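1. structure of the sequence below:
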Amino acid sequence: MDLNITFEDLKLTRQFLNAIQDLGYTIPTTIQQKAIPLIRSGQHIIGIAQTGTGKTAAYLLPIMQLLKYPQGDLPRCVILVPTKELVLQVLEQVVLLGKYTDLRSVGLYGGVGRKKQASDAVSGVDIVVSTPMRLLEIYQEEGLDLKKVQILVMDEADRMLDMGFRPQINAILDVLPRKKQNMMFSATFSSIIEELSWDFMDFPIKIEITPEATPVETVEQRAYLVPNFQTKLNLIEYLLKDISLNRVMIFVKSKGSANRIFEYLKHRIKGEIRLIHSNKSQNARINSFNDFREGNVRLLISTDVMSRGIDVSAVSHVINFDVPTVYEDYVHRIGRTGRALNEGIAVTFVSKADEYHLTKIEKKIRMPVPIFHLPDNLEITETPFEENQSMEKEIDEQKKKEDPNFQGAFHEKKDYKLKQKQKKAKKVPKFTGKSKSVVQKTVKTGLKTSKYNRNKEK
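-> This next block holds a predicted model:
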């Protein structure tokens, strides 16, 4: 990042410079320095930048400058994102960065009735921020006209494909004008995404601030080898005694585990605690997140639904209760801290079944995650039989994935029993000196003794 470049050097107009100043930003990030001039000149862009480096503002500022002012009733820019939370985040940035303009925006997402959203979208709007499914629904069922769209942005395109939105994306591309400016931004970028870009982008310029899946330098990474679920709960409780953990996000793979963590911690730690996952209502999720962002909540427990695009600049710590099996999610999880050039700490709990995934993550991010010793006075509980069996089976599956010929510990036990049985069957009987009894076989006489046959002979 060039510290000598200012937002004025990027030729942004005064209305946007004032909005940036109100937000307290002084120096554009690397992705902003590179992307803003290219987008302003009308180029197609593929942007790869770490989470927390300002990529949302990198495309919003030049797009709003290109749109200039309200014009007509039909949307001129469509921004696709994978989740409701990201819709709300991007929409908030549109409002903050465009506060000195009259540009109109609307957010479209599922989980609520579409009639009100459709009414807002067709009554005059410049920028539509939407999930793919809801945009397609309102286009097909409510008559949203997309023929005036000049700019298309896909943010977190890799996650949209992971969530199965490829058919909806293809359908949206079919109804949008072919002549438009196209952009894709993400912290990670796979070959599948690159193939998607070929379908609708001509000669895009690729901006790669850091190699794919690289954590932000301001995040200190730590890992603890923890034997079981209960010991993980004990370790969280132990760590939260430190008051420096003042705004913490805990990420977990399943809703069931998230509920168990919440129930365990709610009466054991100081400070407010909230829980977010897909079973919670939309309003509950939004209110919990807003309370956390405003500093009224110390601890936010979440599944990976919140791991992307959530912008809270003062998250002190991220705790991975387990290691994500989608390795890109590790980068997004820990990217919730260390944002906006602030420093943060990411702690990951690793069971014996997670060690395989941690190794894969280290390979992907091209750096080791330091292992820390468990505290001396931490209570380490015995692993329950069922939990241990589950981990052993998971380890077997990992070995089979690496070596298709691997049969697994449980299979080997069955093989051993079968071999012992076969060995016993082949064993030659010892001579005891006693003569064997002769078994006389009954010879069939062929006599027809049934009542039916006797009657037949008569």
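
2. tally up the residues packed near residue 195, please.
-> Counted with other CB atoms under 10 Å, the neighbours of residue 195 add up to 10. (Glycine included, C-beta is placed from N, CA and C.)

3. same question but for residue 72, I mixed them up
-> Neighbours around residue 72, by other CB under 10 Å: 10.

4. now do the contacts for it.
-> If a contact means CB atoms under 8 Å, 6 or more residues apart in numbering, then residue 72 has 124, 148 as its contacts.

5. apply 7 Å and report the result again.
-> Listed by CB atoms under 7 Å, 6 or more residues apart in numbering, the contact set of residue 72 reads residue 148.

6. again with residue 299
-> 248, 250, 269, 271, 273.

7. quick one, phi psi at it?
-> As for residue 299, its main-chain torsions (degrees, to the nearest 10) stand at phi -130, psi 130.

8. per the record, what domains does the chain have?
-> 8-208, 219-383 (automatic domain parsing).

9. so for stretch 63-83, first residue to last residue, what's the gap.
-> 21 Å (CA to CA, to the nearest Å).

10. before we move on, back to that, which one of the domains of the chain lies closest to residue 402?
-> With CB to CB as the measure, domain 219-383 is the member of those nearest residue 402 (8.5 Å).

11. so how far is that closest one off the chain centroid?
-> 14 Å (CA atoms, centre = their mean, to the nearest Å).

12. repeat that for stretch 103-119.
-> 24 Å.

13. make CSV from the domains of the chain and add mean pLDDT and distance to residue 392 to it.
-> Formatted as CSV, the domains of the chain follow (pLDDT from 0 to 100; distance: least, CB to CB, whole Å):
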stretch, mean pLDDT, distance to residue 392
domain 8-208, 89, 29
domain 219-383, 87, 8
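
14. TSV for those domains, including distance to residue 396?
-> Formatted as TSV, these follow (distance: least, CB to CB, whole Å):
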stretch	distance to residue 396
domain 8-208	26
domain 219-383	10
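
15. so which of the ones you listed is nearest residue 393?
-> domain 219-383 (8.8 Å).

16. quick one: the strands in the chain?
-> For the chain, applying DSSP state E gives strands covering 45-48, 77-80, 105-108, 127-130, 151-155, 181-186, 205-208, 219-225, 248-251, 273-276, 299-302, 317-320, 344-350, 371-372.

17. now these as TSV including distance to residue 139?
-> Formatted as TSV, those follow (distance: least, CB to CB, whole Å):
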stretch	distance to residue 139
strand 45-48	25
strand 77-80	10
strand 105-108	10
strand 127-130	10
strand 151-155	14
strand 181-186	18
strand 205-208	29
strand 219-225	40
strand 248-251	34
strand 273-276	30
strand 299-302	31
strand 317-320	37
strand 344-350	40
strand 371-372	51
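
18. and residue 162, which of those strands is closest to it?
-> Checked against CB to CB, the stretch from the strands of the chain lying closest is strand 181-186, at 11.1 Å.

19. contacts for that closest one next, please.
-> Under CB under 7 Å, 6+ apart, the answer for strand 181-186 is 39, 42, 44-48, 55, 59, 150-158, 193, 197, 200-201.

20. apply 8 Å and report the result again.
-> Residues beyond strand 181-186 that count as contacts (CB under 8 Å, 6+ apart) turn out to be 39, 42-49, 55-56, 58-59, 150-159, 193, 196-197, 200-201, 204.

21. of those, buried ones?
-> 39, 43-49, 55-56, 58-59, 150-159, 193, 196-197, 200-201, 204 (16 or more other CB atoms under 10 Å).
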